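**Student:** Test case, fold it:
(one chain, ligands or ions: 1)
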Amino acid sequence: MKTDVCEMLQIDIPVFAFSHCRDVVVQVSKSGGFGVLGAAGFTPERLEEELNWIDSHIGDYQYGIDFLIPAKRIEDNDTEKLKAMIPNTHREFVTDLLSKSDAPELPTDYQGHLASAEDGATIGDRPFEMLRTTLENHDKISLYVNALGTPPPEVINLCRKHNLLIAAMAGEAKHAARHKAAGCDIVIAVGAEAAGHTGDISTLVLTPQIVKEVSPMPVLAGGGIGSGEQIAAAIALGAQGVWAGSIWLPTIQSELTPIQRNKILASSSKDTIRTRCMTGKPVRMLKSGFTEAWEADGAPSPLPYPLQYLLTSDAAARFEHYSIEHMVSYPAGQVIGQLRDELSVRQVVMQLMEEYIDAVERLSATLDY
Ligand SMILES: Cc1cc2nc3c(=O)[nH]c(=O)nc-3n(C[C@H](O)[C@H](O)[C@H](O)COP(=O)(O)O)c2cc1C
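**Tutor:** Model prediction:
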């Protein structure tokens, strides 16, 4: 299958993968699609390691990088100052959850797969500086994806200087219009069923609205893509490709912990929740004791981004590190309800293409009826 977006990025199939796992990124690009590494959770040093690994394993293929840079810059670089703005009620609420769950402090030499909110690429100038260093050192990156809104002009200028294409996520048609006006090349329509930060309009409703808004600019449909039938539906809605995150979570190349992986493979589509309790903005993630506690009567209201993220990221790491199963969560979309097998990334891509062909044949047959 091919669309114009394949020509833009010199790829065989318009399947785009968001992942924090370097081997997922490599394997998707090597399977004919396009892997995009989510940089938000890495320290600058760790990101450099991951990118060097990708560069030395991806051969002649290309990949992309995704940063969580809000359209409105969080000016303050001083995380201590930001943390001081967290009310005591919220701190006590989280401390209480940690002590009830028997989750002690992290060891001093703790190194999780992803960094804490204060060490990762989220606050102040750090994501922009990390993007600058990344683009100076890694020339196999050909796409930049902006996670939270329209990329600021300095990000657009930087990407243009390095000849990158620019994509941005949209949860409403008006967001897509802003991305187009700012000079982005691709819009990703992210429906409410998606993992991570997401709006509240479903992919089925959102995608054609965004296609209409920005046409002829290419649109990728994200949220709920877990089979070739869903890819065929996205193309039928006017998208030129798909943007998928959850489908890679249980693959062999994913770096999830066994608890997270098992939870995902055992979950139904009702086992995720769209909640502000992780970062302060609505994120779809696995339901857990942690998300339930924030939903319960008497729980404090989540703080605005990034304060809530600064408040909760250490707790999430502690639940994960000490395998406190009922408190462990992870960003995940509703599509996990149809993921049951631990396959390699290549197998997933092949399965998607076989299902896509069957779906398109079924659609064509309706014309010959
Ligand atoms: C574990 C995980 C973390 C995510 N973190 C980010 C992120 O940092 N930046 C971003 O642009 N999207 C992030 N997303 C969302 C994906 O980019 C994508 O929009 C979403 O996964 C698509 O919906 P799906 O999960 O139904 O495939 C994340 C998704 C997952 C599964």
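**Student:** Can you tell me, leaving aside adjacent residues, what's nearest to Glu172?
**Tutor:** Gly199 (6.0 Å; CB to CB, 6 or more residues apart in numbering). C-beta: built from backbone N, CA, C; applies to glycine.
**Student:** So that neighbour: helix, strand or coil?
**Tutor:** coil (DSSP: H, G, I helix; E, B strand; the rest coil).
**Student:** Which positions in the stretch 201-350 of the chain make contact with the ligand?
**Tutor:** Neighbours of the ligand within the stretch 201-350 of the chain, by CB under 6 Å from any ligand atom: 222-225, 243-247, 249, 330-333, 335.
**Student:** among the residues you listed, who's most crowded?
**Tutor:** Comparing those by number of neighbours (other CB atoms under 10 Å), Gly223 comes first, having 33 neighbours.
**Student:** Show me the shaky parts of this structure.
**Tutor:** For the chain, residues meeting the criterion pLDDT under 70 lie at 72-77, 113-115, 120-121.
**Student:** measure the closest residue to the ligand within it to Ile324 for me?
**Tutor:** Closest approach between the chain and the ligand, counting by CB to the nearest ligand atom: Gly245, at 2.0 Å. Distance of Gly245 to Ile324, given as CB to CB, to the nearest Å: 25 Å.
**Student:** now swap in Gly64 and tell me
**Tutor:** 34 Å.
**Student:** between these two, who's got more neighbours?
**Tutor:** Taking other CB under 10 Å, Gly64 and Ile324 do not tie; Gly64 has more neighbours (24 against 19).
**Student:** Off-centre distance for the helix or strand containing the more buried one?
**Tutor:** Taking DSSP states H and E as the criterion, Gly64 maps to strand 63-67. On the basis of CA atoms, centre = their mean, to the nearest Å, strand 63-67 sits 10 Å off its chain's mean C-alpha point.
**Student:** Can I get the helix or strand that comes right after that strand as PDB, trimmed to CA atoms?
**Tutor:** Counting by DSSP H and E, the element after strand 63-67 in chain order, helix or strand, is helix 79-83. Taking Å, rounded to 0.1, in the frame of the first residue of the first chain, the C-alpha atoms of helix 79-83 are listed here in PDB:
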ATOM      1  CA  THR A  79      12.000  22.700  38.800                       C
ATOM      2  CA  GLU A  80      12.600  23.400  42.500                       C
ATOM      3  CA  LYS A  81      10.500  26.600  42.100                       C
ATOM      4  CA  LEU A  82       7.800  24.700  40.300                       C
ATOM      5  CA  LYS A  83       7.800  22.000  42.900                       C
END
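**Student:** now helix 79-83: how far from the chain's centre is it?
**Tutor:** Computed by CA atoms, centre = their mean, the chain-centroid distance of helix 79-83 equals 25 Å.
**Student:** which other residues reach it?
**Tutor:** Asp76, Ala117, Glu118, Ile123, Pro306, Leu307, Leu310 (CB atoms under 8 Å, 6 or more residues apart in numbering).
**Student:** For ChimeraX, what selects the buried ones among those residues?
**Tutor:** Buried subset of the contacts of helix 79-83, written as a ChimeraX selection, criterion 16 or more other CB atoms under 10 Å:
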select :117,118,123,306,307,310
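**Student:** Please identify the one among the contacts of helix 79-83 that lies nearest to Arg160.
**Tutor:** Among the contacts of helix 79-83, Ile123 lies closest to Arg160 (CB to CB), at 25.1 Å.
**Student:** so that closest one makes contact with Tyr305?
**Tutor:** No. Contact criterion CB atoms under 8 Å: Ile123 and Tyr305 do not qualify, at 10.4 Å.
**Student:** what ranges do the helices span in the stretch 201-350 of the chain?
**Tutor:** Using DSSP state H, counting those that start in this stretch, the helices of the stretch 201-350 of the chain run over 203-214, 228-236, 258-266, 289-295, 307-321, 345-367.
**Student:** between the ones you listed, which gets nearest to Asp4?
**Tutor:** helix 228-236 (11.9 Å).
**Student:** starting at the chain centroid, how far to that closest one?
**Tutor:** That offset, for helix 228-236, works out to 20 Å (CA atoms, centre = their mean).
**Student:** Kindly format the C-alpha coordinates of that helix as PDB.
**Tutor:** What follows is helix 228-236, C-alpha atoms only, in PDB (Å, rounded to 0.1, in the frame of the first residue of the first chain):
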ATOM      1  CA  GLY A 228      -5.400  -3.800   9.000                       C
ATOM      2  CA  GLU A 229      -9.100  -3.300   9.000                       C
ATOM      3  CA  GLN A 230      -8.600  -0.200  11.100                       C
ATOM      4  CA  ILE A 231      -5.900   1.000   8.700                       C
ATOM      5  CA  ALA A 232      -8.400   0.500   5.800                       C
ATOM      6  CA  ALA A 233     -11.000   2.500   7.800                       C
ATOM      7  CA  ALA A 234      -8.400   5.400   8.300                       C
ATOM      8  CA  ILE A 235      -7.600   5.500   4.600                       C
ATOM      9  CA  ALA A 236     -11.400   5.500   3.800                       C
END
